[in-house]
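J.: I'd like to go over a predicted model; first the sequence, then the structure.
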Amino acid sequence: MTDSVFLKISPQFVDTMDEQFEGHRLHSIQQALLHYDEIPEFTVITAPTGTGKSFAFPLPIIQHKRSGSHFSKRRCIIVSPTNALIDDMEKEYAKIFPDLRVSKLNRKKLDELNAKGHERWNAIIQIITDNVVVLTNPDLLNFAMFGGYYRHKGQKEISEIFARIDYFVFDEYHLYDEEQIANIISWIAVKKALLAKPVKFIFASATPEKELLEVLNTQGFEPAEIIEFISDKATPSSRKIHGQIEVTFLKGSTPRQYLISNAETVKQWIKDGERILIVFDRMTELRMARPEIEKKFHDVVIAEVSGYYTKSEFKEEPGNASLILGTNKIEVGVNLDVSICLMQTGKHFANFVQRFGRIARQGKDGKAIIFLDDKIKEIEKVFTGIETLSYYDFIEQCRNIELLSDRKFYSEKIPQYLGAYYFIIAKNIKDYATQRLFRENINLDGQTGFTLGLMRKIDKGVRRLEYINSASGRKFDFDCENWAKWWEIFTDTFKYFRTSMPDILVRDLTCNKDTQLTRYSLEWILQNREIVGEEHINGERCLVVSGFSEGKQELQYYVESLPVYKLNEGNLYLQQKEKYSLKEAFEKRLVEIARMYKGQSQFVLAARQLIGEVEKLKPVVTHKRLFVSDVRCYSNIL
């Protein structure tokens, strides 16, 4: 049996319409958005990489300006999953739409404006007001919608965002899980409940998620679908978006091994003007490989796109590099202008498709070398004897042999998350009339209504404990303080769009001197790096690392959102193995708390009843419910 399979993918073309914009014929998705008034309230766009999605997003604003309407602005918010893509889009729009007022809206931007406290919320509204295209991430919007930014009663409510925006674009939505899609649906519910003003919502991706259409339909949104098809046949009206791609599947090798053993070939590619992307599945593999790659290619400009240096002052510009080292961070949107890719496949099939889309863009030819742990037999069986095939046939064959599994999307979970989100949103609306209007106009059928009702019961139960305590001569102050604090921390976890873990300042001795200092996940550092020292920089703890841990490290997490805060502090220590069975870990801690309440006093009975209600929260207990303030490991520290 062979260890490699070779084939070619035909050039890819996208058809263009008769309609033009500034001398360029438009693709179908671009034409659809230029005629913004004709698209419905909800639209799902599927457009392969290179077909001009990003270019299409501001076209409704261009159309509005050209229509001669001077009485009002048309504004949009483009929600991107990564700050790197936001930066890329800002640069692109500055070139192709120089007359549009475009601004980023993220934590860095707010910090630059020195907006603190309640002024941070004012700054968000002002940025939206002053610009017609706002580029932001879902984390900031979610934090705003769920009351993360301090607001007093005199300030604008969260509905003000929708009052100033005409349409939202959720780019690369396929990256979001069920809970995050529920986040977005809850934002839409805010608009529908509080504002009659028409606002449109556009979901766009190169990788379709059919379940999203089902979810939107279930919510009564009736989305339209626009699909941009590509072809391997050129026509007089088509545009080449990818050149021919030579594909080699390799078994039993890694990107690092290939680079080192084929260094002369790689150097010749670089000498010929090629730019090369190397994609690793795991950060550990990249970190271990980089020093050896730098030594072997000492005269080559190397850059990294992985997230390892995101929070450091050191920045590498991939645009200047001939070798770009990356992880899954490179999968979304950013055009790295590379012609050759050495790639591991990724965890899910969508990862594979997104990585493959990074190469041979803008009509250029390219090469893809794909490293496999297994499946080479299946690859050989379906592709032997085929010299060239189309992109769609290639992708379909890889899917058919289950090269990788599709990520499971459990749409049935969404209603229970919505109930929790609606509770948090209502609780953080300051104006009572607005709060009542929101509650009266949201859909509370089934699990959504049950979860909202459950969280309201728990909220009342925590306050009832305080009432009984006051009437009992304050004998239970310690209990009440901890119940209130736990509920505050637990409900605060819904403000965060992604799982939150603490970072740590790191001095990495395997890096060059000017790139040693960075900030990265404490969990990852403890799990994977050998810690050789500890220092303090400007009063902040900094771990010194060199080399990599051997064997599996057992971690322990200090999780303040586990019940019931410090009522039993031992409950807050979560062992690593418990992370894989969180619902059971949650229930176990409630059992421990229940043992503390013996007797038949009014307070004890109320506490037991409250514990019973809290146990019903298990369906929404996920990794996003973990507020981790510290992580410890006992085997690799000094």
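T.: Okay, I see it. Quantities reported herein were computed from a predicted structural model and do not represent experimental measurements.
J.: Can you give me the domain boundaries for the protein?
T.: Domain assignment for the chain by automatic domain parsing gives 4-8+235-400, 28-227, 412-498+557-633.
J.: Run a quick neighbour tally on the residue lying closest to residue 25 once chain neighbours are set aside.
T.: Distance criterion C-beta to C-beta, 6 or more residues apart in numbering; nearest residue to residue 25, sequence neighbours excluded, is residue 16 at 3.7 Å. C-betas here are computed from N, CA, C, even on glycine. For residue 16, the neighbour count with other C-beta atoms under 10 Å is 20.
J.: Columns mean pLDDT on top of the domains of the chain, output as JSON lines?
T.: Shown next, in JSON lines, are the domains of the chain (pLDDT from 0 to 100):
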{"stretch": "domain 4-8+235-400", "mean pLDDT": "89"}
{"stretch": "domain 28-227", "mean pLDDT": "88"}
{"stretch": "domain 412-498+557-633", "mean pLDDT": "93"}
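J.: can you tell which of those domains is closest to residue 550?
T.: Judged by C-beta to C-beta, the one of the domains of the chain that comes nearest to residue 550 is domain 4-8+235-400, at 11.9 Å.
J.: first vs last residue of the closest one, how far apart are they?
T.: Separation of the first and last residues of domain 4-8+235-400 by C-alpha to C-alpha, to the nearest Å is 19 Å.
J.: again with stretch 330-339
T.: Start-to-end, stretch 330-339 (C-alpha to C-alpha) is 14 Å.
J.: May I have stretch 524-543 as CSV, with CA atoms only?
T.: What follows is stretch 524-543 as a C-alpha-only set of coordinates in CSV (Å, rounded to 0.1, in the frame of the first residue of the first chain):
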residue,chain,number,x,y,z
TRP,A,524,-2.2,25.4,28.3
ILE,A,525,1.1,26.5,29.8
LEU,A,526,0.7,24.2,32.8
GLN,A,527,-0.5,21.3,30.7
ASN,A,528,2.3,21.5,28.1
ARG,A,529,5.3,23.4,29.2
GLU,A,530,8.2,22.7,31.6
ILE,A,531,8.3,25.5,34.1
VAL,A,532,11.8,26.3,35.1
GLY,A,533,11.3,29.4,37.2
GLU,A,534,9.0,32.2,38.3
GLU,A,535,9.6,36.0,38.3
HIS,A,536,7.6,39.2,38.7
ILE,A,537,7.5,41.9,36.1
ASN,A,538,5.9,45.2,37.2
GLY,A,539,4.4,43.3,40.1
GLU,A,540,2.8,40.7,37.9
ARG,A,541,3.6,37.0,38.2
CYS,A,542,5.5,35.6,35.2
LEU,A,543,6.2,31.9,34.5
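J.: Which positions in it come out as buried?
T.: Residues 524, 525, 526, 527, 528, 529, 530, 531, 542, 543 are the ones in stretch 524-543 that count as buried (16 or more other C-beta atoms under 10 Å).
J.: that's a strand at the last one, yeah?
T.: Yes: residue assignment for residue 543, taken from DSSP: H, G, I helix; E, B strand; the rest coil, places it within a strand.
J.: Let me know the secondary structure of residue 474.
T.: coil.
J.: Could you report the neighbour count for it?
T.: Counted with other C-beta under 10 Å, residues neighbouring residue 474 total 10.
J.: same thing with the one 4 residues further on?
T.: Here the count is done by other C-beta under 10 Å, and residue 478 has 11 residues near it.
J.: nearest spatial neighbour of it, skipping sequence neighbours?
T.: In space, residue 478 is closest to residue 567, 7.5 Å off (C-beta to C-beta, 6+ apart).
J.: quick one, phi psi at that neighbour?
T.: phi -60, psi -40 (degrees, to the nearest 10).
J.: Mind checking which of the buried residues of stretch 524-543 land in helices?
T.: 524, 525, 526, 527, 528 (DSSP state H).
J.: Any chance of TSV for these, columns distance to residue 9?
T.: Below are those laid out as TSV (distance: C-beta to C-beta, whole Å):
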residue	distance to residue 9
524	35
525	40
526	42
527	38
528	36
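J.: so can I have TSV of these showing pLDDT?
T.: Shown next, in TSV, are these (pLDDT from 0 to 100):
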residue	pLDDT
524	93
525	94
526	93
527	92
528	92
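J.: out of those, who's nearest residue 78?
T.: Distance to residue 78, by C-beta to C-beta, is smallest for residue 524 among these, at 29.8 Å.
J.: Could you verify my assumption that the closest one touches residue 283?
T.: Yes: under the contact definition of C-beta atoms under 8 Å, residue 524 touches residue 283, with a separation of 6.7 Å.
J.: and the residue nearest to residue 478, how many neighbours?
T.: 21.
J.: likewise residue 387?
T.: Residue 387: 8 neighbours (other C-beta under 10 Å).
J.: what do you get for residue 108?
T.: Using other C-beta under 10 Å, residue 108 has 12 neighbouring residues.
J.: That one: what's it in contact with?
T.: Neighbouring residues of residue 108 by C-beta atoms under 8 Å, 6 or more residues apart in numbering: residue 83.
J.: Please report how far the spatially closest residue to residue 92 that is not a sequence neighbour lies from residue 45.
T.: In this structure, residue 92 finds its nearest non-sequential neighbour in residue 54, 6.3 Å apart by C-beta to C-beta, 6+ apart. Noted for residue 54: a distance of 11 Å to residue 45, by C-beta to C-beta, to the nearest Å.
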